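[1] pasting the sequence and the predicted model now:
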Amino acid sequence: MGLFNWKKKDKEQERPLDSGLEKTKRSLFEKISYAIAGKSVVDDEVLDSLEEVLIASDVGVETTQNIIERLEARVARDKYLNTEEVNRYLCEEIAALLDAAADGKSTEPFDFSKKPYVMMVVGVNGVGKTTTIGKLASQLKAQGKKVVLGAADTFRAAAVDQLVIWAERAGVDIVKQAMGSDPASVAFDTVKSAVARDADVVIIDTAGRLHNKVNLMNELTKIKNVMKKVVPDAPHEVLLVIDGSTGQNGFLQAKEFTRATDVTALAVTKLDGSAKGGVVIGISDQFKIPIKFIGVGEKIDDLKLFDKKEFVESLFD
C-alpha cells in the first residue's frame, strides 16, 4: 500500500496506526487511568493529575497548559463532566488544538502541479532523514511518479552510500558528487538534471550538523538560492525530520532548524519504538508547522501521511 492510499480501510487495516503507536497508547492510557482512579467527576484535582500525565507523556509544558485550559473551560461550561469520558474529552480537545495549529496551511504531501516539485529535507544526523527520503521515493515511484534524489550531504560518506542504496532499491535516479563537494553544487545539478529528465519530484538530502548554526544557516540558504536559478520557486517544501523517540529533544531540534531555515513541514519518525508519541502533539502546536508524515515502523509503507483525526483516535480510543 503506497503513500497516497494508506487511509483506504478494510477489515485487516481498520486502524493503520494502532500497532505503530501501541507503546505510546498503552503508556498514556495507564497514566490517565491512574490519574482518575477513584474519581467520579473532572475536578481541579483530576485536572492537575491530567496535566502531570500529559507533561510526562512528552506533550510539552505549553501545549499541556493549552489542553488543560480547554478542559477547564469545558468543565465551567458543562458544570458536570464524568471521568469515565476523560479519553473522549482529551481526544476532542487535542484534535481541536491540532486543527488550530495547521490552520490555513497546506497539509497535502506534494503539489504535482509544480513540475518538478522540489523538496529539501533537513534534520540532525541519526533521526532517519535519509531513510525517510528513501521511503518517500519508493512510495512515489510506486505511484508512477518520476523521482530524482540529490545526495547533498557530502560531509558523510555513509549518508551518500545509504541514499544510493535507497535509490537503487526504489528504482529512481540519483545525483551525487565526490565526498567534500559543495552541497549547493549537488543541489543545482540535481534540479537541473530533474528538469532535463522531466521528473515529477526532486528530493534533496542535506547535512545534519548543528554545531555551528551560522554555517548551517548559510549552507541551507545557499542551497535554496542555487536551486532557484533552475526552478525559480524552489524549494517548494522544506521538510524537517525529527526523531519522535527522543521526546523533548525533538522540540530542541525543531527550534534550531526553524531558526536556521524556513521549515514548511515536519516528519516525525521512530514512533513505533517509543512511548513518547505525545511529542507529535506538542511540536505541531508550538511551531504551527504542519506534520505531514509520521514513521511507525521499518517497512516502506510504515511512513504514513499524518492524519490528525486518525492519530488522536488511535491514541485515545
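    Received, thanks.
[2] hey, where'd the strands end up in the stretch 1-150 of the chain?
    117-122, 147-151 (DSSP state E, counting those that start in this stretch).
[3] and of those, who's closest to Leu216?
    Among these, strand 117-122 comes nearest to Leu216, with 8.8 Å by CB to CB. (Each C-beta comes from the backbone N, C-alpha and C, glycine too.)
[4] now do the nearest residue to Leu28 once chain neighbours are set aside against Val148, distance only.
    Excluding the flanking residues, the one nearest Leu28 by CB to CB, 6 or more residues apart in numbering is Ser57, at 5.4 Å. Distance, Ser57 to Val148, by CB to CB, to the nearest Å: 40 Å.
[5] the helices in the stretch 101-250 of the chain, which residues?
    129-142, 157-170, 183-196, 213-228, 248-260 (DSSP state H, counting those that start in this stretch).
[6] between the ones you listed, which gets nearest to Val61?
    Using CB to CB, the helices of the stretch 101-250 of the chain put helix 248-260 closest to Val61, at 9.5 Å.
[7] relative to strand 117-122, how tilted is the closest one?
    Computed by axes from the mean of the first three to the mean of the last three CA atoms, to 10 degrees, the angle separating helix 248-260 from strand 117-122 equals 120 degrees.
[8] how many residues are close by Asp58?
    If you count neighbours by other CB atoms under 10 Å, Asp58 ends up with 28.
[9] which residues does it contact?
    By CB atoms under 8 Å, 6 or more residues apart in numbering, the contact list for Asp58 reads Gly247, Gln248, Lys276, Gly277, Gly278, Val279, Gly282.
[10] apart from its neighbours in sequence, what residue is nearest the second one?
    If I follow you right, that is Gln248. Nearest to Gln248 is Asp58, by CB to CB, 6+ apart, at 6.0 Å.
[11] need the pLDDT of the closest residue to Gly123 other than its chain neighbours.
    Leaving aside its sequence neighbours, Gly123 sits nearest to Val241 (CB to CB, 6+ apart; 3.7 Å). Note on Val241: pLDDT of 93.
[12] again with Val263
    At Val263, the pLDDT recorded in the model is 89.
[13] do Ser185 as well
    pLDDT, Ser185: 96.
[14] state the distance from it to Gly126.
    25 Å.
[15] compare neighbour counts for those two and give me the winner.
    Neighbours per residue (other CB under 10 Å) separate Ser185 from Gly126, with Ser185 holding more: 15 against 9.
[16] residues contacting the more buried one?
    Per CB under 8 Å, 6+ apart, neighbours of Ser185: Gln177, Val226.
[17] where's the closest residue to Leu240 other than its chain neighbours, which helix or strand?
    Using CB to CB, 6+ apart and skipping the chain neighbours, the partner closest in space to Leu240 is Val263 (4.5 Å). Counting by DSSP states H and E, there is no helix or strand that carries Val263.
[18] which residues does Val263 contact?
    By CB under 8 Å, 6+ apart, the neighbours of Val263 are Val122, Val238, Leu239, Leu240, Ala254, Phe257, Phe287, Ile289.
[19] re earlier: what about Ser57 and Val148, which has more around it?
    Ranked by neighbour count (other CB under 10 Å), Ser57 and Val148 place Val148 first, with 26 against 23.
[20] just checking, Thr242 touches Leu271?
    To be clear, residue 242 is Ile; Thr isn't right here. No. Ile242 lies out of contact with Leu271 (CB atoms under 8 Å); the separation is 10.4 Å.
[21] pretty sure Val59 contacts Gly282?
    Yes. With contact defined as CB under 8 Å, Val59 reaches Gly282; the gap is 4.8 Å.
[22] quick one: Val118 from Val241, how far?
    Counting by CB to CB, the gap from Val118 to Val241 is 17 Å.
[23] then Val121?
    Taking CB to CB, one finds Val121 at 6 Å from Val241.
[24] need the overlap of contacts for these two.
    Lys129, Thr132.
[25] just name the most buried of the strands of the stretch 1-150 of the chain.
    strand 147-151 (a mean of 28; mean count of other CB atoms under 10 Å).
[26] tilt between that strand and helix 213-228?
    Using the same axes, to 10 degrees: strand 147-151 against helix 213-228 is 140 degrees.
[27] given strand 147-151, what are its sheet partners and their directions?
    strand 173-175 (parallel), strand 201-205 (parallel) (DSSP bridges).
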